[in-house]
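Colleague: With the sequence up front, the predicted model follows.
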Amino acid sequence: MKTSPFIIGACAYLFGSTLSAIAEDYITQTDLTPVADGEIAQNAKIDIEGPDGIGSIDGSTPAAFPIGPYGSRFDLYTTIETSSGRRVYHLGSSVVGPYPTASISMTSNDPYIETRTRADQRFGASVTVSNISADPEAPLSMKQVYVEHLIDEYPVGSYTFSTTNPADWRLAKQNSSGEDAGVFIVKDGTLTITIPDPDDGLGTALTSLDSPNNENGESTEYYQCGEEKVVVYARPSSTSDWVTIAEKKIRVFPLPSAQIIASHDNFATTFELNSNTEYTSVPSIYAVCNELYPTSVTTIRLYKGTLDNLGDLVVSDLELVDGSEPASFNTIQPQDGVLMLNNTEPEIVALEDGYYTVELVTVTPFNNGAVERIAWAEFQLKKSLRINANLSSQK
């Protein structure tokens, strides 16, 4: 890495020392780039001119070689002739170089170009840090970075933050004392984090928050919606504030929800299906879907039998009720929709008496593409009519 030579400030001014006119004064520059065992780090001696007589002098001199990504340590020496011989005094040192650098990558089971996941899923973050100084004499600002895991929920009814509702980031977890639960990284390398994971040192995820209520007023686990981010901070100097050197966010969408409703009068009135009620004909059945995952295929299906003992699949419908587009999405945010089982289909009209189950299922990038059930309902069909009568004759 090529950098401009560092200009060293005046020796006496920099280290607060007085240089003797009869002394030999110099600075050594040592490259702090790690070296293998047995090798010697690059170093050089920089001769400087001390003051004329006892006192101090200001000035500058170029570094002996460019300062690399790990920085350089500069040591100021003076050599004085005494009655007992030549003595070398170390007057001070200063470490100069860039503060550490970092990069972050997020991983999710959803391969979408913008990193996103679902509230019930784990995701990963890898934090790679470079340029952390291994020199014990280096200032603390060059020997560590600080990592935090932050969360925030979207405003109700929205899938993004706006200027009127900016993100209000807060720590995913604090320790038992209510303090930050971030971590310090003190050497180069990669920290791999799985969220949520109680052992990762960064706390829990957005999904650890209390679940809000869904549209039906019921508490729904994993119904959170917002963003999480991992941030790496460093300090340019020991006296400066922390600054962000790397940041990566992931969008978190909720589990979908649905309500299955039925009607015998073109939805002038609706009711919930009940397996204890005998229906003389199959009603019109709709599934009102909320927040289907952006990449998903959702289907309403009818089976012979109860949920515990499903029989053959009778019929499946992929179309939204308005016919505008199939319930197969590849969008940037969750989608709502209504799916219908058409009770005029020949397969449904011809159904025999018995128990039936209607279910709403979806396939997403998660769980290896396995089918996931969102909602279901059971009902009992009783078309046959029983007539109890007595025949008698009367004279």
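Modeller: Happy to help now that I have it.
Colleague: where do the strands sit along the stretch 1-150 of the chain?
Modeller: Per DSSP state E, counting those that start in this stretch, the stretch 1-150 of the chain has strands spanning 7-8, 24-31, 43-48, 61-62, 72-82, 85-96, 101-107, 116-118, 123-130, 145-153. These are given in chain order.
Colleague: I'd like those as a markdown table, with mean neighbour count and mean pLDDT appended.
Modeller: Just so you know, the C-beta spots here come from the backbone N, C-alpha and C atoms, and that holds for glycine as well. Shown next, in a markdown table, are the strands of the stretch 1-150 of the chain (neighbours: other C-beta atoms under 10 Å; pLDDT from 0 to 100):
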| stretch | mean neighbour count | mean pLDDT |
| --- | --- | --- |
| strand 7-8 | 16 | 40 |
| strand 24-31 | 20 | 88 |
| strand 43-48 | 14 | 86 |
| strand 61-62 | 14 | 84 |
| strand 72-82 | 18 | 81 |
| strand 85-96 | 14 | 76 |
| strand 101-107 | 18 | 89 |
| strand 116-118 | 25 | 90 |
| strand 123-130 | 19 | 90 |
| strand 145-153 | 21 | 90 |
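Colleague: Go through those strands and name the closest to residue 360.
Modeller: With respect to residue 360, and counting by C-beta to C-beta, the nearest of the strands of the stretch 1-150 of the chain is strand 116-118 at 16.6 Å.
Colleague: Return the list of helices and strands in contact with that closest one.
Modeller: If you count contacts as 3 or more C-beta pairs under 8 Å, 6 or more residues apart in numbering; DSSP states H and E, strand 116-118 packs onto strand 243-253.
Colleague: In this structure residue 132 contacts residue 140, no?
Modeller: No - judged on C-beta atoms under 8 Å, residue 132 makes no contact with residue 140 at a distance of 11.0 Å.
Colleague: of these two, who's got more company?
Modeller: Per other C-beta atoms under 10 Å, whichever of residue 132 and residue 140 has more neighbours is residue 132, with 22 against 11.
Colleague: dump the residue contacts of the residue lying closest to the more buried one once chain neighbours are set aside.
Modeller: The shortest distance from residue 132 to any residue other than its chain neighbours is 4.8 Å, reached at residue 100 (C-beta to C-beta, 6 or more residues apart in numbering). By C-beta atoms under 8 Å, 6 or more residues apart in numbering, the residues touching residue 100 are 129-132, 142, 144-145, 234, 245.
Colleague: Need the pLDDT of residue 100.
Modeller: The confidence metric pLDDT takes the value 87 at residue 100.
Colleague: and it, how far is that from residue 237?
Modeller: 13 Å (C-beta to C-beta, to the nearest Å).
Colleague: overlap in contacts of the two?
Modeller: Common neighbours of residue 100 and residue 237 (C-beta under 8 Å, 6+ apart) do not exist.
Colleague: can you map out the strands along the stretch 151-300 of the chain?
Modeller: 170-171, 183-185, 189-195, 226-234, 243-253, 257-263, 278-279, 284-292, 295-304.
Colleague: Which one of those strands lies nearest to residue 368?
Modeller: The closest of these to residue 368 is strand 295-304. By C-beta to C-beta, the value is 14.3 Å.
Colleague: From the chain's centroid, how far away is that closest one?
Modeller: Remark: strand 295-304 is offset 30 Å from the chain centroid, using C-alpha atoms, centre = their mean, to the nearest Å.
Colleague: Only C-alpha atoms, please: export it in CSV.
Modeller: The C-alpha coordinates for strand 295-304 follow below in CSV (Å, rounded to 0.1, in the frame of the first residue of the first chain):
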residue,chain,number,x,y,z
THR,A,295,-40.4,-14.1,-2.6
SER,A,296,-43.0,-16.7,-2.2
VAL,A,297,-45.7,-18.9,-3.9
THR,A,298,-48.9,-19.2,-1.8
THR,A,299,-51.7,-21.7,-2.5
ILE,A,300,-55.1,-22.5,-1.0
ARG,A,301,-55.9,-26.3,-1.0
LEU,A,302,-58.7,-28.6,-0.2
TYR,A,303,-58.2,-32.1,1.2
LYS,A,304,-60.5,-35.0,2.1
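Colleague: Please name the nearest non-neighbouring residue to residue 48.
Modeller: Nearest residue to residue 48 in three dimensions, chain neighbours excluded: residue 25, at 5.2 Å (C-beta to C-beta, 6+ apart).
Colleague: Do I have it right that that neighbour meets residue 75?
Modeller: No - using C-beta under 8 Å as the test, residue 25 is too far from residue 75 to be in contact (11.9 Å).
Colleague: hmm, back to that, let me have the contacts of residue 100 in TSV, extended by distance to residue 93.
Modeller: Formatted as TSV, these follow (distance: C-beta to C-beta, whole Å):
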residue	distance to residue 93
129	24
130	23
131	19
132	19
142	13
144	19
145	23
234	21
245	25
